[in-house]
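> Have a look at this prediction, sequence included:
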Amino acid sequence: MNLFKNKIQDERVVHEQNKIYREIYFLIYTICLVSVVYKFFIYGFELKYIATEIIITLAAGIYYTVRASQKGLFSAEVEMHDNKSKWSYQTKTIVIGVATGIALGLFFGINSAVNYAETPLERVYYFFLTFATSMMFYIPILVLVLVISYSTAKHQSDKAVEEQLEDDES
C-alpha cells in the first residue's frame, strides 16, 4: 500500500502549509470561544448549549497531544519549554490543575450563594461549604488527570524518539 508512504516534498511548501494549518487551528478555537460567550449571553450558563464547542476544543487538544507524542515531538516541546522557562512543564501542569480547581470552586461557590441562599449569613455559609467541597473534589482529580496524561504522553514520546534513533543507527 503506497498510500501512506512519505513522499519527498519541498520544505518551503511544507513550512507554509504548516503555518496555514496553525492559523486554521487558532481560527477554529477563536470561533468556538466566541460561540461559547455568545451562547452564555443568549441562553445563560447551560452546558447543553455549548457541548459541541467543548467537544471540538477537547478533541483537538487530545488529538494534538496523542499525535505529538506518537511522533516524538512532545518530548522536544517539553525540553524547549523547560530550557526557556523558569518553571518546568510538569510544574506548570500541576499549577494549571490547582488553578482550574480553585476557579471551579469559586464559580460553584458563588453560584450556590447567589441562587440558593436567602439571608446574607446563608450566602456566606453556602459559598464556603460549596467552595471547600469543590476544592476537595476537583483539585485532586484535575491534578491526577493532568499529571497522568502528561507522564503518559512524555513516556510515549520518549519511546518514539528512541525508536527513531535506533532506526537511524541501523
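Right, received. Where do you want to start?
> I'd like the distance between residue 161 and residue 81.
With the distance defined as C-beta to C-beta, to the nearest Å, residue 161 ends up 16 Å from residue 81. Where C-beta positions appear, they are placed from N, C-alpha and C, glycine not excepted.
> who's more crowded, these two?
Shown here are residue 161 and residue 81; by other C-beta atoms under 10 Å, residue 161 has more neighbours (16 against 13).
> Next, the contact list for the spatially most distant residue from the centre of the chain, please.
For the chain, the largest distance from the centre (C-alpha atoms, centre = their mean) belongs to residue 119, which lies 38.5 Å off. In this structure, residue 119 makes contact with no residue, judged by C-beta atoms under 8 Å, 6 or more residues apart in numbering.
> again, but for residue 156
Contact partners of residue 156, counting by C-beta under 8 Å, 6+ apart, are 69, 70, 74.
> How about residue 106: what's its closest non-neighbour residue?
Using C-beta to C-beta, 6 or more residues apart in numbering and skipping the chain neighbours, the partner closest in space to residue 106 is residue 131 (6.5 Å).
> Roughly how far does that neighbour sit from residue 109?
Between residue 131 and residue 109 the distance is 3 Å, computed by C-beta to C-beta.
> what helix or strand is the residue nearest the centre of the chain on?
With distances taken as C-alpha atoms, centre = their mean, residue 61 lies nearest the centre of the chain, 5.9 Å away. Secondary structure here is read from DSSP states H and E; on that basis residue 61 sits in helix 47-71.
> residues of that helix that come out buried?
Residues 49, 50, 53, 57, 65, 68, 69 are the ones in helix 47-71 that count as buried (16 or more other C-beta atoms under 10 Å).
> Touching the helix or strand following that helix from outside, list them.
Sequence-wise, the next helix or strand downstream of helix 47-71 (DSSP H and E) is helix 73-84. The list of residues contacting helix 73-84 from outside it, by C-beta under 8 Å, 6+ apart, reads 65, 68, 88, 89, 153, 154, 156, 157, 158, 160, 161.
> these two touch, right, the fourth one and residue 150?
To tie it back to what came earlier, the one meant is residue 89. Yes: in this structure, residue 89 sits in contact with residue 150. The criterion is C-beta atoms under 8 Å, and the distance is 7.3 Å.
> ok, the two, which is more surrounded?
When residue 89 is set against residue 150 and neighbours are counted by other C-beta under 10 Å, the residue ahead is residue 150, at 20 against 16.
> Without its sequence neighbours, what residue ends up closest to the more buried one?
Once chain neighbours are set aside, the closest to residue 150 by C-beta to C-beta, 6+ apart is residue 93, at 4.9 Å.
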